[in-house]
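K.L.:
only geometry, no sequence info:
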């Protein structure tokens, strides 16, 4: 009988406000579902059972190119059949493409009795990010694979550090507008003021310390971005209003998820997280922009293996 | 009888390679000695029992201006007589001026039964830094007051976080050349490349995590500065050679202490730390620059109260 596995792949929040390109966090909701079946002959097939019209050709699919990278380092001639039911909307800023590639290689590695290390898996999955955005980045891939909050200290050579999983609630709002990752990158200035950089790394150091120590107040004080957010937030209508009202409603802080347009806010209680969601609903209803919102928590395991036959 | 206290004030290493303006670390050696006597009438007197010819007039002395700031917030009309025996050479890059002002206010606060918080003391002592270098910075003051490694997340408002005290050995070499803090600041570029800033904050996040978790390998991997060191190290003859040889001798890493010219290296064992010292001695002997060197450890308490009568 063929080996087969079902998984849930978490959405992820890259950057975490001040940690541009180095921090990422896995969420319990939303998530993609995937099924992988191990074949004893070479070849990869990909089938999408969702409404997003993503390419199913192996070389054009993020799961496909990630699995190709994995197979290249696996000695035996095997293959995979992949079925994807995507729920994380592409272009939401919640790591939709990373979920595809990270999920595929974690599931494949499970079928191969964990032949590869987690770091290997991140390396393979980054090929999906390269396909999706032109850049090999790991700030969505790493939390998908490791769970919790991850630090990518360096990409070349790859150095990933698990920072832990603060006991916080996350409110997400996804305004249904399009922000292309490539555009969001384009508008950034190539140079930054040294004094801004110093402020930023003070906040990054504070945020990382707060996460490692589960110090919520310190996390809140450190969630400030003086470099990226002032530029990117202009692409997201209602952003400043959401941020101000969320803070007033008791959120520790938050900002743009990845390159947007989704916005995330962290709160210490479920009650506050729901109050924050109501503020977000208020803002986007008022300005007449369609949106989706939810309250969730930080996912501490990454990809979940659901079923194994 | 008058209340009197004797203290030892630690030398400090600011920046810690990649943490420019936000990180500092206290050392067990060298240290200044100070004696403070509480007076029951207003007035401050300062006497130096060392050979550095520092000004003893209250408004021109770092301890003097720090104590003035403290007295301004203390309701009662009291004063202090201060005797300083300085061993941390001014201009060494080991926090000599910070030791003067931090020591004075910690000792004064001890005599006032800890009326003020540690944060207050840092605030008072920063007036000494303002006098010495023109800028209110806290990266030497904070570790002097708190001990261990400290993060200054923000100066305005002041936000200091104790990161802990990794169990490491520190080798220090002080080439006897002059590098003025103001010059070392002047030569820095006002703008930095965003890609360099990203690399820097990845390393800062790694270093801070390594310190909090006492993860020596992570500390070693993160001790890299792509922004400040390449510019400032040209002011220190032998720097690249010392760094390379120290790494080869087994040091985790290190760099310029504060704005220099002292260089520090961190090692996991006393044996390696002494091997590193021999490499430093070799380099400066070879290029014919006078120097002082020592092996010490990280001071986990800050200012030490020695005697109390």
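P.N.:
Yes, it's here. The shown structure was predicted, so the numbers you read here are calculated from the model rather than taken from an experiment.
K.L.:
phi, psi of the residue in the stretch 201-309 of chain A that chain B sits nearest to?
P.N.:
Nearest to chain B in the stretch 201-309 of chain A, going by Cβ to the nearest Cβ, is residue A:206, at a distance of 3.9 Å. (Glycine included, C-beta is placed from N, CA and C.) Per-residue torsions, residue A:206: phi -70, psi -40 (degrees, to the nearest 10).
K.L.:
same thing with residue A:146?
P.N.:
Dihedral angles of residue A:146 (phi, psi; degrees, to the nearest 10) stand at phi -100, psi -20.
K.L.:
Next, work out how far apart it and residue A:41 are.
P.N.:
32 Å (Cβ to Cβ, to the nearest Å).
K.L.:
mind checking pLDDT for residue A:309?
P.N.:
Residue A:309 carries a pLDDT value of 51.
K.L.:
which stretches of the stretch 1-150 of chain A have low pLDDT?
P.N.:
Residue ranges of the stretch 1-150 of chain A with pLDDT under 70: A:1.
K.L.:
burial of residue A:159, as a residue count?
P.N.:
Residue A:159 has 18 neighbouring residues, counting by other Cβ atoms under 10 Å in any protein chain shown.
K.L.:
For it, name its beta-bridge partners.
P.N.:
Here residue A:159 sits in beta bridges with residue A:154, as judged by DSSP bridges.
K.L.:
Quick check: the gap between it and residue A:119.
P.N.:
According to Cβ to Cβ, residue A:159 stands 9 Å off from residue A:119.
K.L.:
Tell me how many other residues surround the residue in the stretch 51-200 of chain A that chain B sits nearest to.
P.N.:
Going by Cβ to the nearest Cβ, chain B is nearest to residue A:153 of the stretch 51-200 of chain A, at 3.9 Å. Residue A:153 has 25 neighbours, counted by other Cβ under 10 Å.
K.L.:
That one contacts residue A:159, correct?
P.N.:
Yes: Residue A:153 is within contact range of residue A:159, at 4.3 Å (criterion: Cβ atoms under 8 Å).
K.L.:
Could you pull out the residues contacting both of these two?
P.N.:
In terms of Cβ atoms under 8 Å, 6 or more residues apart in numbering or on different chains, residue A:153 and residue A:159 are both contacted by the residues B:206, B:221.
K.L.:
Show me what the one helix or strand residue A:172 maps to pairs with in its sheet, parallel or antiparallel.
P.N.:
Residue A:172 belongs to strand A:169-175 when assigned by DSSP states H and E. Each strand that pairs with strand A:169-175, with its direction, by DSSP bridges: strand A:263-267 (antiparallel), strand A:291-297 (antiparallel).
K.L.:
Show the subsequent helix or strand relative to it.
P.N.:
Remark: after strand A:169-175, the chain's next helix or strand is helix A:181-186, criterion DSSP H and E.
K.L.:
which element follows that following helix toward the C-terminus?
P.N.:
Sequence-wise, the next helix or strand downstream of helix A:181-186 (DSSP H and E) is strand A:191-193.
K.L.:
Could you list the contact residues of the stretch 201-309 of chain A toward chain B?
P.N.:
A:201-206, A:208-209, A:212-213, A:218, A:221-222, A:227 (Cβ under 8 Å from any Cβ of the partner chain).
K.L.:
Name the residues that touch stretch A:176-184?
P.N.:
Residues contacting stretch A:176-184 (Cβ under 8 Å, 6+ apart): A:91, A:93, A:132-134, A:232, A:235-237, A:258-261, A:289-292.
K.L.:
Give the buried subset of those as a ChimeraX selection command.
P.N.:
Selection of buried members from those for ChimeraX, criterion 16 or more other Cβ atoms under 10 Å in any protein chain shown:
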select /A:91,93,132,133,232,235,236,237,258,259,260,261,289,291
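K.L.:
what are the ranges of the helices in the stretch 101-250 of chain A?
P.N.:
For the stretch 101-250 of chain A, applying DSSP state H, counting those that start in this stretch gives helices covering A:118-133, A:141-146, A:181-186, A:194-213, A:216-222, A:229-232, A:239-248.
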